[in-house]
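Asker: model this:
(2 chains)
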Amino acid sequence: MSLEIILADGRTAFAPGEEISGQLRWTLDQPPPWVELRLFWYTEGKGTQDVAVAAHTRFANQDAVGGGSFRLQAPAHPPSCSGRLVSIRWALELVTGDHQPVTKVDLVIAPTAREIILGHVE
Amino acid sequence: MLLARDNPFRMQRIETLRYRLDEDGWQQLLTRFAANRWRGVLVGPHGSGKTTLREEIEARLRAEGWQVRALVLGDDAVISWSDLQALIAGAHRRTLLSVDGLDRLGALTWWRLRRATRDIGGILATSHVTGRLPTLHHHHTNVDLLRDLLRDLLRDDLCADANLSADFDQRCDALFSAHHGDLRACLRSCYDEASRPESLHVAQ
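Answerer: A predicted model of the protein is given here:
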């Protein structure tokens, strides 16, 4: 069983408004009830995790072995950023049904396509 | 500076730690739970793993077809009887009511809730004190458990060798003592220490 998200040109960093595109491939033991690609952000750090889905595309009636292409627009907010207490990260996730394995690709979405590092004031 | 996403003690990694119970222990626990008509309370001090174990029991019962309805009561919890009625509406013999912080529920509310849930499948709760339900598990912590947890968290870390340095045991002893055995507080302290600009890592 395998799941793949293949980003066009291998790009994983985007500025807001830029196109995020690529291919999906899956090889499963049986036809999935559905296949969904999700673009979401999540936090990591000291506190409880926040997660929000910015865009999702569901593919119905798929075979056990299949694939497809996708095209999304990088959202403007929130930008990928990291400090000592919290990081905000973007990712694409391919899901093939409830309680099924998923695959995830981390992205950077921020102005100039670079993660913002939150400094501290002495 | 160690960024939050790279901190080995970030919440998302801590949540991957499993409750230390072998398969025999699980069998005994679930047998005891079933013998008490699936009613039981996990008792222990702050940061001793009650919520972790509760969530793992829920996951095991869900996998066997149970429906779980959770009620998490914080320190300043205010919950009305109508909220509780909504929570248990339609509950049946395969419904587990899971209450985190049973000791925070007022006596009268608990009495009404217990009456209203006589016929549901089960009640699993966590509490700092015994009573109200049969004690399913009494939680204790010790410094060896803290060491195990820290080793697990640091195992895949690039700095693992440095982390497991000569004074690791002493650092664990000091941490455990400073937080009076509250493992959650110990791990939060490790996060803070790791994130300090001057600190390369917690146990170096």
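
Asker: what's the neighbour count on A:A15?
Answerer: 15 (other C-beta atoms under 10 Å in any protein chain shown). For the C-beta atoms, the positions are set from N, CA and C on the backbone; glycine is no exception.

Asker: typed the wrong thing, it's A:I20
Answerer: Using other C-beta under 10 Å: A:I20 sits among 22 other residues.

Asker: helix or strand for it, which one?
Answerer: strand A:19-27 (DSSP states H and E).

Asker: partner strands of that strand, parallel or antiparallel?
Answerer: strand A:2-7 (antiparallel), strand A:65-73 (antiparallel) (DSSP bridges).

Asker: could you list the low-pLDDT ranges of chain B?
Answerer: Low-confidence segments of chain B, defined by pLDDT under 70: B:77, B:156-166, B:197-204.

Asker: how about the residues of it near chain A?
Answerer: Neighbours of chain A within chain B, by C-beta under 8 Å from any C-beta of the partner chain: B:1-5, B:7, B:10-12, B:188, B:191-192, B:195, B:197.

Asker: dump the strands paired with strand A:19-27 into a markdown table; add mean neighbour count, mean pLDDT and distance to A:H56 as well.
Answerer: Shown next, in a markdown table, are the strands paired with strand A:19-27 (neighbours: other C-beta atoms under 10 Å in any protein chain shown; pLDDT from 0 to 100; distance: least, C-beta to C-beta, whole Å):
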| stretch | mean neighbour count | mean pLDDT | distance to A:H56 |
| --- | --- | --- | --- |
| strand A:2-7 | 15 | 95 | 13 |
| strand A:65-73 | 14 | 93 | 9 |
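
Asker: how much space between A:G17 and A:I109?
Answerer: 10 Å (C-beta to C-beta, to the nearest Å).

Asker: which one's more surrounded, these two?
Answerer: Higher neighbour count among A:G17 and A:I109: A:I109, with 28 against 10, using other C-beta under 10 Å.

Asker: the more buried one contacts A:E19, correct?
Answerer: No: contact criterion C-beta atoms under 8 Å: A:I109 and A:E19 do not qualify, at 11.9 Å.

Asker: overlap in contacts of these two?
Answerer: Listed as contacting both A:I109 and A:E19 by C-beta atoms under 8 Å, 6 or more residues apart in numbering or on different chains are A:A74.

Asker: now the helices for chain B?
Answerer: B:11-14, B:23-35, B:50-63, B:81-88, B:107-116, B:143-154, B:160-163, B:168-178, B:183-195 (DSSP state H).

Asker: just name the most buried of these.
Answerer: For the helices of chain B, the largest average neighbour count (mean count of other C-beta atoms under 10 Å in any protein chain shown) is found in helix B:183-195, namely a mean of 20.

Asker: send the alpha carbons of it over as PDB?
Answerer: Extracted as PDB, the C-alpha positions of helix B:183-195 are listed here (Å, rounded to 0.1, in the frame of the first residue of the first chain):
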ATOM      1  CA  LEU B 183       5.500  14.400  34.900                       C
ATOM      2  CA  ARG B 184       3.600  16.900  32.800                       C
ATOM      3  CA  ALA B 185       5.200  19.800  34.600                       C
ATOM      4  CA  CYS B 186       8.600  18.100  34.200                       C
ATOM      5  CA  LEU B 187       8.200  17.900  30.500                       C
ATOM      6  CA  ARG B 188       7.000  21.500  30.300                       C
ATOM      7  CA  SER B 189      10.100  22.500  32.200                       C
ATOM      8  CA  CYS B 190      12.200  20.500  29.700                       C
ATOM      9  CA  TYR B 191      10.500  22.400  26.800                       C
ATOM     10  CA  ASP B 192      11.400  25.800  28.400                       C
ATOM     11  CA  GLU B 193      14.900  24.800  29.100                       C
ATOM     12  CA  ALA B 194      15.400  23.500  25.600                       C
ATOM     13  CA  SER B 195      14.000  26.600  24.000                       C
END
